[in-house]
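*Asks:* got a structure for you, letters missing:
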Ligand code: XMP
């Protein structure tokens, strides 16, 4: 299934919903020429929603031939308005009243798209434009109080349009409509599963690597760990993993990486304990960007030394995900990449890349990880920045301050897990401030350090909201941290969103 991207967020969500329906989907830029679309032999096409109006100058338009190409097509919101705009007889205009949010939908024609659904439904609308004239050959399928055409079809040409968003969770039965399109209209079979992916991926890696040798840098994160596990399944001991332990990871993480890969999976693993080197380079460094630079450079240096020691290596394994690939490949995804993972390895070293997850979303990688038997803790891990705890210690990074933060951070996560909240939260962690404040313990005055608790909800880390943690959880964190971590007298909760703040403190 091909999703044409008229607005990156919408397109990704649609592609994910299609894959959750066990049909493979890929996203292409909205103006991809018909020949390139056909090269993927799609069983169907989805035109995504987008922020534009079809009649605005410069509105994104697809190759006009796509509607005549005989491919079953579903236009969603902007995608449907495009159909009305481009096909003879159709007309789209600004609606007198915008429809936004929960809306009652009345189904007038319950065949194919609405098969098996009630005639009255609740859907999620978000549009300022409506179809005022149906294109030739189309019939209306549903309406709302304010909108005579909320869904339409030309069954002969298998062209369908929906004014509402079936992909959002606020349209509870939206997935059924999407599935009706996939299975009934396009004739797709639900065969895209992560076990089928693992089998195909294993074969593809074997074919790519042949008798060569591959190297994978493990960071403790789920993407690189799963990539290493899959590549090891494919080529066994032709893969060596290098785990550069910069001493800036969270509690128990280094041990877990070593235990999982060396002991459980029996992957040849080079564990480089480079904490002293990194700490020496970080001495006296307080500027956040300088910290990042120092750590990135040192990481590359250590990695290169280890790679040189290993001798001839042909391939570098990376856990690149589909959203990163789309980001660099489609024009509508106007995101600004501000962060880099530690490294910059491929530019400096002449490896060929093995990127088994270039076509997967994060939740699919987690499923692969589960099926390959990675530990739950590793799979459920929150995103963690390459420079590690160094950018969560405001001011100078020292061994003592790292130990203190690590202990406080572990308590924060522990309490969130105990409350069953860890998975609902995008990231939660502690930050150590470079100030001392007064406290009292027993009868004595103390003068100790401040730990900030940061917990945010987010879809993708680009924007975030502070998590409304229950009082009891915050209280448990504060009392345990001050009791169990010597030197901490005060715990505060960060209640800023991103923007204006960032998720990390540095
Ligand atoms: P901010 O702090 O910019 O973070 O709101 C957004 C997301 O990026 C992560 N982050 C980093 N990741 N290297 C990384 O690999 C970095 O230097 C870095 N800085 C922030 C952060 O944890 C959050 O998920």
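*Replies:* Looks like it came in fine. These numbers come from a predicted model, not from an experiment.

*Asks:* How about the contacts made by residue 275?
*Replies:* 245, 246, 247, 248, 399 (CB atoms under 8 Å, 6 or more residues apart in numbering). (Glycine included, C-beta is placed from N, CA and C.)

*Asks:* what's the closest of those to residue 13?
*Replies:* Nearest to residue 13 among the contacts of residue 275 is residue 248, at 34.2 Å by CB to CB.

*Asks:* Please, which helix or strand holds the closest one?
*Replies:* Using DSSP states H and E, residue 248 falls within no helix or strand.

*Asks:* tell me the pLDDT at the residue of the stretch 151-300 of the chain found nearest the ligand?
*Replies:* In the stretch 151-300 of the chain, the residue found nearest to the ligand is residue 292; the distance is 5.1 Å by CB to the nearest ligand atom. Predicted confidence (pLDDT) for residue 292: 94.

*Asks:* Can you point out the buried residues in stretch 459-475?
*Replies:* 464, 466, 467, 469, 473, 474 (16 or more other CB atoms under 10 Å).

*Asks:* pLDDT at the second one, what is it?
*Replies:* The per-residue pLDDT reported for residue 466 equals 97.

*Asks:* Can you tell me the SS state at the nearest residue to it once chain neighbours are set aside?
*Replies:* Nearest residue to residue 466, sequence neighbours excluded (CB to CB, 6 or more residues apart in numbering): residue 495, at 5.0 Å. Of the three states, residue 495 takes coil under DSSP: H, G, I helix; E, B strand; the rest coil.

*Asks:* Residue 495 contacts residue 465, correct?
*Replies:* No: taking contacts as CB atoms under 8 Å, residue 495 lies outside contact range of residue 465: 9.9 Å.

*Asks:* any chance you could map the strands in the stretch 151-300 of the chain?
*Replies:* 151-154, 159-162, 214-218, 239-245, 269-273 (DSSP state E, counting those that start in this stretch).

*Asks:* So which of the ones you listed is the most surrounded?
*Replies:* strand 159-162 (a mean of 28; mean count of other CB atoms under 10 Å).

*Asks:* Mind giving me the packing neighbours of that one?
*Replies:* The contact analysis (3 or more CB pairs under 8 Å, 6 or more residues apart in numbering; DSSP states H and E) places strand 159-162 against strand 73-76, helix 78-86, strand 151-154.

*Asks:* mind giving me the domain ranges of this protein?
*Replies:* In terms of domains, the chain is parsed into 2-185, 194-379, 399-493 (source: automatic domain parsing).

*Asks:* Just name the most buried of the ones you listed.
*Replies:* domain 2-185 (a mean of 19).

*Asks:* what's the straight distance from one end of it to the other?
*Replies:* This stretch, domain 2-185, spans 15 Å end to end (CA to CA, to the nearest Å).

*Asks:* tell me the mean pLDDT over that domain?
*Replies:* 92.

*Asks:* circling back: please flag which of the buried residues of stretch 459-475 sit within strands.
*Replies:* residue 466 (DSSP state E).

*Asks:* what's near enough to touch residue 52?
*Replies:* The contact partners of residue 52, by CB under 8 Å, 6+ apart, come to 6, 7, 59, 60, 78.

*Asks:* mind checking how far the residue nearest to the spatial centre of the chain is from the ligand?
*Replies:* What sits nearest the mean C-alpha location of the chain, by CA atoms, centre = their mean, is residue 362, with 5.0 Å. According to CB to the nearest ligand atom, to the nearest Å, residue 362 and the ligand sit 12 Å apart.

*Asks:* quick one: that residue and residue 417, what's the gap?
*Replies:* 20 Å (CB to CB, to the nearest Å).

*Asks:* next one: residue 473
*Replies:* 11 Å.

*Asks:* Mind telling me what element the residue in the stretch 1-150 of the chain that the ligand sits nearest to is part of?
*Replies:* Across the stretch 1-150 of the chain, the shortest distance to the ligand (CB to the nearest ligand atom) belongs to residue 9, at 16.7 Å. If you go by DSSP H and E, residue 9 is part of helix 8-20.

*Asks:* Just after that helix, pick out the following helix or strand.
*Replies:* strand 26-29.

*Asks:* Quickly run through the sheet partners of that following strand, with directions.
*Replies:* strand 2-5 (parallel) (DSSP bridges).

*Asks:* residues in contact with the partner strand?
*Replies:* Against strand 2-5 from outside (CB under 8 Å, 6+ apart): 11, 14-15, 18, 25-30, 32, 37, 40, 42, 44-48, 62, 66, 79, 326, 330, 332-333.

*Asks:* repeat that with 6 Å
*Replies:* 11, 14-15, 25, 27-30, 37, 40, 42, 45-48, 62, 330, 332 (CB atoms under 6 Å, 6 or more residues apart in numbering).

*Asks:* And what about residue 129, helix, strand or coil?
*Replies:* Residue 129 is classified as strand under three-state DSSP.

*Asks:* and this protein, which residues reach the ligand?
*Replies:* The chain comes close to the ligand at residues 292, 339, 341, 383, 385-387, 427, 461, 498, 502-504, as judged by CB under 6 Å from any ligand atom.

*Asks:* any chance of those in a markdown table, plus distance to residue 119 and secondary structure?
*Replies:* Below are those laid out as a markdown table (distance: CB to CB, whole Å; DSSP: H, G, I helix; E, B strand; the rest coil):
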| residue | distance to residue 119 | secondary structure |
| --- | --- | --- |
| 292 | 57 | helix |
| 339 | 49 | coil |
| 341 | 51 | coil |
| 383 | 44 | coil |
| 385 | 51 | coil |
| 386 | 53 | coil |
| 387 | 56 | coil |
| 427 | 44 | strand |
| 461 | 41 | coil |
| 498 | 43 | strand |
| 502 | 48 | coil |
| 503 | 45 | coil |
| 504 | 50 | coil |
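
*Asks:* where's the nearest residue to residue 40 once chain neighbours are set aside relative to residue 470, distance?
*Replies:* Closest residue in space to residue 40, ignoring its immediate chain neighbours: residue 2 at 5.8 Å, by CB to CB, 6+ apart. Going from residue 2 to residue 470 by CB to CB gives 44 Å.

*Asks:* And residue 154, by the same measure?
*Replies:* 52 Å.

*Asks:* same question, residue 412
*Replies:* 14 Å.

*Asks:* follow-up on the earlier one: for the residue nearest to residue 40, name its beta-bridge partners.
*Replies:* residue 26, residue 45.

*Asks:* Now do the same for the closest residue to residue 433 other than its chain neighbours: helix, strand or coil?
*Replies:* Leaving aside its sequence neighbours, residue 433 sits nearest to residue 450 (CB to CB, 6+ apart; 4.4 Å). Following three-state DSSP, the label given to residue 450 is strand.

*Asks:* OK, contacts around residue 450?
*Replies:* Contacts of residue 450 (CB under 6 Å, 6+ apart): 433, 435, 437, 490.

*Asks:* Looking at those, spot the one nearest residue 257.
*Replies:* residue 433 (29.0 Å).

*Asks:* before we move on, back to that, the residues of the chain next to the ligand: which two are farthest apart?
*Replies:* 341 and 498 (19.5 Å).

*Asks:* what about the strands in the stretch 401-506 of the chain?
*Replies:* 427-441, 444-457, 465-466, 488-493.

*Asks:* TSV please, covering those strands and showing distance to residue 118.
*Replies:* TSV is the format used below for the strands of the stretch 401-506 of the chain (distance: least, CB to CB, whole Å):
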stretch	distance to residue 118
strand 427-441	40
strand 444-457	32
strand 465-466	34
strand 488-493	44
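
*Asks:* Those strands: which one's closest to residue 121?
*Replies:* strand 444-457 (28.3 Å).

*Asks:* chain center to that closest one: distance?
*Replies:* Distance of strand 444-457 from the chain centroid (CA atoms, centre = their mean, to the nearest Å) equals 30 Å.
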